[in-house]
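Engineer: Structure of the sequence below:
(chains A, B, C and D)
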Protein chains: 4
Amino acid sequence: MIIKLSPNPTEATIDRVSQWFSQQGVEARQVNLSGQTLFVTSSKWKGDPSELKTLEGVESIVNPGTEYQLCTRKFQEQNTVIDLGDGVVFGRGNTVMMAGPCAVESEDQVMRTAEFLRSKFDIKVFRAGAFKPRTSPYSFQGLADEGLKILDKVRDRFGMKIITEVKDTTHLDAVADVADIIQIGTKAMYNFSLLNFCGQMDKPIVLKRGFMTTIKEFLQGADFILSNGNSKVILCERGIRTFEPQTRFCLDVCAAALVKELSHLPIVLDPSHAMGIAAQVPLVAQSAAALGIDGLLVETHPDPANAKSDKEQALSFEQFSEMVSVLDKICTAVGRTLVA
Amino acid sequence: MIIKLSPNPTEATIDRVSQWFSQQGVEARQVNLSGQTLFVTSSKWKGDPSELKTLEGVESIVNPGTEYQLCTRKFQEQNTVIDLGDGVVFGRGNTVMMAGPCAVESEDQVMRTAEFLRSKFDIKVFRAGAFKPRTSPYSFQGLADEGLKILDKVRDRFGMKIITEVKDTTHLDAVADVADIIQIGTKAMYNFSLLNFCGQMDKPIVLKRGFMTTIKEFLQGADFILSNGNSKVILCERGIRTFEPQTRFCLDVCAAALVKELSHLPIVLDPSHAMGIAAQVPLVAQSAAALGIDGLLVETHPDPANAKSDKEQALSFEQFSEMVSVLDKICTAVGRTLVA
Amino acid sequence: MIIKLSPNPTEATIDRVSQWFSQQGVEARQVNLSGQTLFVTSSKWKGDPSELKTLEGVESIVNPGTEYQLCTRKFQEQNTVIDLGDGVVFGRGNTVMMAGPCAVESEDQVMRTAEFLRSKFDIKVFRAGAFKPRTSPYSFQGLADEGLKILDKVRDRFGMKIITEVKDTTHLDAVADVADIIQIGTKAMYNFSLLNFCGQMDKPIVLKRGFMTTIKEFLQGADFILSNGNSKVILCERGIRTFEPQTRFCLDVCAAALVKELSHLPIVLDPSHAMGIAAQVPLVAQSAAALGIDGLLVETHPDPANAKSDKEQALSFEQFSEMVSVLDKICTAVGRTLVA
Amino acid sequence: MIIKLSPNPTEATIDRVSQWFSQQGVEARQVNLSGQTLFVTSSKWKGDPSELKTLEGVESIVNPGTEYQLCTRKFQEQNTVIDLGDGVVFGRGNTVMMAGPCAVESEDQVMRTAEFLRSKFDIKVFRAGAFKPRTSPYSFQGLADEGLKILDKVRDRFGMKIITEVKDTTHLDAVADVADIIQIGTKAMYNFSLLNFCGQMDKPIVLKRGFMTTIKEFLQGADFILSNGNSKVILCERGIRTFEPQTRFCLDVCAAALVKELSHLPIVLDPSHAMGIAAQVPLVAQSAAALGIDGLLVETHPDPANAKSDKEQALSFEQFSEMVSVLDKICTAVGRTLVA
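Structural biologist: Below you'll find the model as predicted:
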């Protein structure tokens, strides 16, 4: 249950609400979000809040009826809009193309990709990972800090926004220094300390759904960030694990369609990781774009055959170019603008 | 392995090849498909076919390298085209809308739906089930033969093609008498006797992927039909079962994208059963159409709230109408024509 | 909801109840089960049955509160006991070993296996399939009627009970002529016509859970058989399909444990199909037996390396022998008797 | 590929091997494990190591042929044995019962549980979490450092070993100060920084399989720890997520059976989280014990109805007691000793 206080509540008001909960033996978490002061209880609390409503300074009480609360349209009906400037707006009719290689491998590889994306398509958001959460300890783990420096140069030279992944809390500050958008990867979605720290940042966070995560847990993950005060959360569906061995994952378009209704947060899709096979990534990107979404994350590489990670799914520049022209038409067909 | 004989092979040629396999102790199935005479062995046979090539009357040998064989592009590169007339063509750039209620409930319900679909959109294929494979023995099981008679009237009155479902072999002949397209439902996909009998029909067969079925098994199902001589197989992805409880199934767009490459058979998608929630079905239909597919199966009902089966997913006529106008644009965007 | 009539109801009583439902516009199915006369409505019917209770000849009303009804302990608290004689009793503290090859391949192969099982362990139930539901049309499909004749000889020569599989309705009568226990395989579990016909038989039916079937649907499948009047249903958990590629399926011991509480029907487990790798089948059989179950289905073959189907999972006679001695101790540890 | 150097290699030897790889452009990681010096390459390296074998100081080369390497029986055939004293030995025929509540809630709750376990059964390992990875930000997150202090008292007062969970790297040192065994929970299994840090500890690590994790990824997780030098890794299967909604997870006994063959590491099972329903936890524990495993993790609570987390699955002391007496017999049946 969410208790919303009147704007600019006094200390006395906050204490009053806080004490009311203490007296009930109920834990309620104080949340400061988008200039609002809220108290949020566990959804399991089934007590009667009618007395609360009569307390001075309590504006309204919302019971979303679900375990995820702050991210729901029952709490906030209208879309959350996240505007990074230069047309990079999430939540207001744009579909923002975010593209780049899986990993930062070298300055040359990154710069060639960024130049292609910026000069040919005016792509505004560059994606690449400096910290790679690989399942093998013997695989390439990313260039780490050196990789971040290269990403910094991309912004300087091409004026692109940077989205890059944080694996865990050990390097969050370093990533936050460079990233315009911090990405929490699918394998980190249950790292609740990381979610909490990201909630204390003043940066947009792309939260990728875990590949075995229910919609409920995914939206609870968003609530971890929101309840720490950061309203700039972008949800990302990137494929779930199923019984099918011939595709890497399965892009869950049904879940994405439902999340659009359940939550006011922007949602972007990642066809590259879902499909895992470059030849089919453009088709899956088409399928994603037709849902009417806020953005796409697509992997492209100047030389896919020699990519150091996820080479099977990286589009060549030619494949990428063909894909964009079709996506452009699909976005128009569903009343959106492809930012690319 | 597939051994293709020269056109119009003599009995002697057929015997020669047949005997060659007998001598090797290998089972090879004779298949007459689209005017071709073929012998097909298990994919597990790893013998040397070089001697076979030298036999008189053997035209070529194809080893698709997979357990599904006749449905692959390695056997037939170009698309299979199934043309039922009146623009109802699968496999040649059209996206055919097939719509109607889940079940035949009454003549009135069916006729109202058919009239709406035909008069407002010129929908050419009407879908509805007379035999319903319900998971509860206490639920409505369909009108059976009476339902088929009503579907017959739809064709007579509106000139629509009829697609309707066969649950098992007990009523296949009755269904085949009425249906222009026979649908094998998701729960019947492993009914191999049914697949064999459908393979002996001269009607198009829509084969729905089981919701638990790998791409491999799905395509093997198609091979059951093809190897009995019926080349008119249309594949249908209709959602797989995953761990997610908030959606009915999960439309596997990644699998659909891959199947387009693997197989020469037409493919259609069913967003209604995948999503299971009417409000999101149009979005999922958009996502499906953007893949560039041969058709869509969508459920609509004059009074969804009182539908006797699957009422949660049936579109009202208003929802259906809005959806079609968007689908039309998406099909154009991906270079296709929506037949609706 | 289940309406139970007093024993030996008159026609008038049956009509009275039937008419009461007609007047309400509610469908209620008359069921004659184990000498009882019942009416069963859909679980979705939420009407008030209090007037029904006052009708002459109505003994009691049970609302199991679930979509499966006749199979629940809410309808029948005590275990269903199925006694085939010779110690082959399901539901009363025994764990019946049912063993044999996957498929009937030849008389020699079957007889050697039966002799081993009967002479060395006094195994009383022989399993082997004459009709094989293979996913490839080019694989061995079973010896069909010839296979059934061989199974008949096993009974004659060794006095063993025969359990064998029915794929679909086309050969049900032939199977029923030979089988002491009819097995509905995992791929046929949604073949509702088959379930209905099996419900009209006077033979025990082993109903295998579909490999992607929820407990709810599994128990609804049992209700299809029970509602046709056959009370002799034995449930079988045989492994579900998951994301894990290194095992064939995943034996769902948690579901089995829950089903024991939910249903009064006997339950047996099939470790062979679940594991799919012979070396580990004995461990999984141990795990199954420790649940305290009514039986086990295990595949063994005189020459696994040359088995015509499922050779990876067939135990050699040596492996089988070692397994049985451990299973015997485990059954004792959980207060049961291994019938082997 | 694993290159094993002769015992106590000189700096020169290490340099020689290291330079050989540098010259090939291949990354090889130096690993010091159990007094051995190893170099491990990615499993993707397909180069010819024959020249390597001739280098002075190279003892042997092992190619496990899988992406997990150090944990395999191909690298080390015999079981890894982890002996904590007082009979708490993993990997040598014991099945160690590790029991306690889900979370440390209060000193009283913990002490009552520990007293029950120690006095009634001589349970030697106490489990309880001070840091709880809850999916809701509004749920009880654990007592943190205060919880650890309470666990310290359990050891002091009852002489029990402590196993407790680490959520992420932020509190690893605090946990390590108190824990005799550090548990990496299912949601942290992909936290590779955490795995790396745990690999630098001199404490046994229980690595729980992620509920979405393949056997391959699970064993790769173990290799993260091993390759950092910590040989004391205990694997834990605790249930995977499937399509079944009526059980919390599905204990993957097939995977556990296979892992016993693939890896030399001890394996323990957690029936409580897998089943999620207290009434069935003992049955599932029986099923787990019958696999012949090195330990069990079971949740018990003095007052399950009022537990602050996972109350549905906590056994009452009565349920726990009954379970142990059956488990004792099952362990004996499979040739093991229950340490409880």
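Engineer: Quick one: the helices in the stretch 201-340 of chain A, in order.
Structural biologist: Along the stretch 201-340 of chain A, the segments classed as helices by DSSP state H, counting those that start in this stretch run A:215-226, A:253-262, A:271-275, A:281-289, A:317-333.
Engineer: can you pull the alpha-carbon coordinates of the first one into PDB?
Structural biologist: What follows is helix A:215-226, C-alpha atoms only, in PDB (Å, rounded to 0.1, in the frame of the first residue of the first chain):
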ATOM      1  CA  ILE A 215       6.800 -10.400 -14.800                       C
ATOM      2  CA  LYS A 216       6.000 -10.000 -11.100                       C
ATOM      3  CA  GLU A 217       9.600 -10.400 -10.100                       C
ATOM      4  CA  PHE A 218      10.800  -8.100 -12.900                       C
ATOM      5  CA  LEU A 219       8.500  -5.300 -11.800                       C
ATOM      6  CA  GLN A 220       9.500  -5.900  -8.200                       C
ATOM      7  CA  GLY A 221      13.000  -5.300  -9.400                       C
ATOM      8  CA  ALA A 222      11.900  -2.000 -10.700                       C
ATOM      9  CA  ASP A 223      10.400  -1.200  -7.400                       C
ATOM     10  CA  PHE A 224      13.800  -1.800  -5.700                       C
ATOM     11  CA  ILE A 225      15.200   1.100  -7.800                       C
ATOM     12  CA  LEU A 226      12.200   3.300  -7.500                       C
END
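Engineer: Can you verify my assumption that residue A:32 contacts residue A:230?
Structural biologist: No - Residue A:32 is beyond contact range of residue A:230, at 10.4 Å (criterion: Cβ atoms under 8 Å). All C-beta spots, glycine's among them, are computed from the backbone N, C-alpha and C.
Engineer: Could you check which of the two has the larger neighbour count?
Structural biologist: Neighbour count, other Cβ atoms under 10 Å in any protein chain shown: between residue A:32 and residue A:230, residue A:230 has more, with 22 against 11.
Engineer: any idea how far the residue nearest to that one when sequence neighbours are not counted lies from residue A:205?
Structural biologist: Nearest residue to residue A:230 in three dimensions, chain neighbours excluded: residue A:199, at 4.7 Å (Cβ to Cβ, 6 or more residues apart in numbering or on different chains). Using Cβ to Cβ, to the nearest Å, one obtains 8 Å as the distance from residue A:199 to residue A:205.
Engineer: which neighbours do these two share?
Structural biologist: Common neighbours of residue A:199 and residue A:205, counting by Cβ atoms under 8 Å, 6 or more residues apart in numbering or on different chains, are A:225, A:230.
Engineer: Which of the two has more residues huddled nearby?
Structural biologist: Between residue A:199 and residue A:205, counted using other Cβ under 10 Å, the more crowded position is residue A:205 (25 against 22).
Engineer: Who does the more buried one form a beta bridge with?
Structural biologist: Beta-bridge partners recorded for residue A:205 (DSSP bridges): residue A:182, residue A:233.
Engineer: how many neighbours does residue A:85 have?
Structural biologist: Counted with other Cβ under 10 Å, the neighbours of residue A:85 add up to 9.
Engineer: which residues does the residue of chain A found nearest chain D contact?
Structural biologist: The nearest approach of chain A to chain D comes at residue A:212, 2.9 Å away (Cβ to the nearest Cβ). Going by Cβ under 8 Å, 6+ apart, residue A:212 touches A:240-241, B:243, C:243, D:210-212, D:241.
Engineer: Can you add distance to residue B:7 and pLDDT and give these back as JSON lines?
Structural biologist: Converted to JSON lines, the contacts of residue A:212 look like this (distance: Cβ to Cβ, whole Å; pLDDT from 0 to 100):
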{"residue": "A:240", "distance to residue B:7": "48", "pLDDT": "98"}
{"residue": "A:241", "distance to residue B:7": "48", "pLDDT": "98"}
{"residue": "B:243", "distance to residue B:7": "51", "pLDDT": "98"}
{"residue": "C:243", "distance to residue B:7": "47", "pLDDT": "98"}
{"residue": "D:210", "distance to residue B:7": "57", "pLDDT": "98"}
{"residue": "D:211", "distance to residue B:7": "57", "pLDDT": "98"}
{"residue": "D:212", "distance to residue B:7": "53", "pLDDT": "95"}
{"residue": "D:241", "distance to residue B:7": "54", "pLDDT": "98"}
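Engineer: wait, which of those residues is closest to residue A:154?
Structural biologist: Distance to residue A:154 across those (Cβ to Cβ) is lowest for residue A:240, with 30.9 Å.
Engineer: does the closest one have beta-bridge partners, and which?
Structural biologist: Counting by DSSP bridges, residue A:240 is bridged to residue A:250.
Engineer: Isn't the residue nearest to residue A:230 up against residue A:223?
Structural biologist: No - at 9.4 Å, residue A:199 does not count as touching residue A:223 under the criterion of Cβ under 8 Å.
Engineer: tell me which parts of the stretch 151-300 of chain A are close to chain C?
Structural biologist: Taking Cβ under 8 Å from any Cβ of the partner chain, the part of the stretch 151-300 of chain A that reaches chain C is made up of A:212, A:241-243, A:245.
Engineer: For whichever strand or helix holds residue A:108, buried residues please.
Structural biologist: In this assignment (DSSP states H and E), residue A:108 forms part of helix A:107-121. Of all the residues in helix A:107-121, those buried under the rule 16 or more other Cβ atoms under 10 Å in any protein chain shown are A:109-114, A:116-118, A:121.
Engineer: tilt between it and helix A:317-333?
Structural biologist: Counting by axes from the mean of the first three to the mean of the last three Cα atoms, to 10 degrees, helix A:107-121 lies at 40 degrees to helix A:317-333.
Engineer: contacting residues around residue A:153?
Structural biologist: Listed by Cβ under 8 Å, 6+ apart, the contact set of residue A:153 reads A:107, A:110-111.
Engineer: Please read the previous query as pertaining to residue A:294.
Structural biologist: With contacts defined as Cβ under 8 Å, 6+ apart, residue A:294 is in contact with A:90-91, A:94-96, A:234, A:266-268.
Engineer: coming back round to it: which of the contacts of residue A:153 sits closest to residue C:62?
Structural biologist: Distance to residue C:62 across the contacts of residue A:153 (Cβ to Cβ) is lowest for residue A:110, with 69.0 Å.
Engineer: From chain C, how far off is that closest one?
Structural biologist: According to Cβ to the nearest Cβ, to the nearest Å, residue A:110 stands 34 Å off from chain C.
Engineer: Give me the neighbour count for the closest residue in space to that residue that isn't next to it in sequence.
Structural biologist: Once flanking residues are discounted, residue A:110 sits nearest to residue A:150: 5.1 Å by Cβ to Cβ, 6+ apart. Residue A:150 sits with 21 neighbouring residues when counted by other Cβ under 10 Å.
Engineer: How about residue A:325?
Structural biologist: As a burial measure, residue A:325 scores 11 neighbours (other Cβ under 10 Å).
Engineer: How much space separates it from residue A:331?
Structural biologist: For residue A:325 relative to residue A:331 (Cβ to Cβ), the value is 11 Å.
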